[in-house]
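>>> Everything below, folded, please.
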Amino acid sequence: MIKGTVLLLLIVSIYSCAGKTHYPKGVMKQQQMQEVLWDMLKADAIASEIVRTDSSIKLTTKNIELYKKVFIAHKITRNDFELSYSFYEKHPELMRVLLDSMNAERDRKSAIINRPPYPIDSSKI
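Residues are numbered from 1 along each chain as shown. The predicted model follows:
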C-alpha cells in the first residue's frame, strides 16, 4: 500500500512538472522575445530601404543604430537580447514554437489587411 502511494505521488509529481520550461534569469519569455524579434525584423527592413535610397549610408551602421532603438523601446540591453537569443538557439523546440507563433501572427495580420472591406456576394459575380 505504501509503495503504491509513493509510486502514485512520484508519477503525479513528474506529470505535473512536464511541459514547464525553466527560463534562466535574464532570458526573455516567448511573448517578449517575439515582440523584440518582430521589431528587429522591421528595423532590418527599414535599414535596407534607407540604404537603397541613400548609398552613402552603410547597412551595418544603420542596422546597429536601429537595433539600439529597439532595445531602448523594449527596455533591454544588447546583452539581454544576446543571452535570450542564445538560450532559444540552444533549445530548438522553443525556437520553433517562437517562430511558428510569429508566422501565425503574420498570417493573421495579413488576412485582416487583405480581406475585402465588405462581404462579397458571390451570386452577383
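>>> Tell me how far the closest residue to residue 91 other than its chain neighbours lies from residue 105.
The shortest distance from residue 91 to any non-neighbouring residue, by Cβ to Cβ, 6 or more residues apart in numbering, is to residue 21 (7.8 Å). Any C-beta I mention is one placed from the backbone N, CA and C, and that applies to glycine too. Look at residue 21 and residue 105: by Cβ to Cβ, to the nearest Å, they are 20 Å apart.
>>> Check residue 29 too.
Here the criterion is Cβ to Cβ. By it, residue 29 lies 16 Å from residue 105.
>>> While we're on the residue sitting nearest the centre point of the chain, how confident is the model there?
Most central in the chain under Cα atoms, centre = their mean is residue 34, positioned 1.9 Å from the mean C-alpha point. Note on residue 34: pLDDT of 94.
>>> need the contact list for it.
98, 101, 102, 105 (Cβ atoms under 8 Å, 6 or more residues apart in numbering).
>>> can you rerun that using 7 Å?
Going by Cβ atoms under 7 Å, 6 or more residues apart in numbering, residue 34 touches 98, 101, 102.
>>> would JSON lines of those residues with distance to residue 38 be doable?
Below are these laid out as JSON lines (distance: Cβ to Cβ, whole Å):
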{"residue": "98", "distance to residue 38": "11"}
{"residue": "101", "distance to residue 38": "10"}
{"residue": "102", "distance to residue 38": "7"}
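>>> Can you convert the residues you listed into JSON lines and add a column each for neighbour count and pLDDT?
Converted to JSON lines, these look like this (neighbours: other Cβ atoms under 10 Å; pLDDT from 0 to 100):
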{"residue": "98", "neighbour count": "18", "pLDDT": "93"}
{"residue": "101", "neighbour count": "14", "pLDDT": "91"}
{"residue": "102", "neighbour count": "17", "pLDDT": "91"}
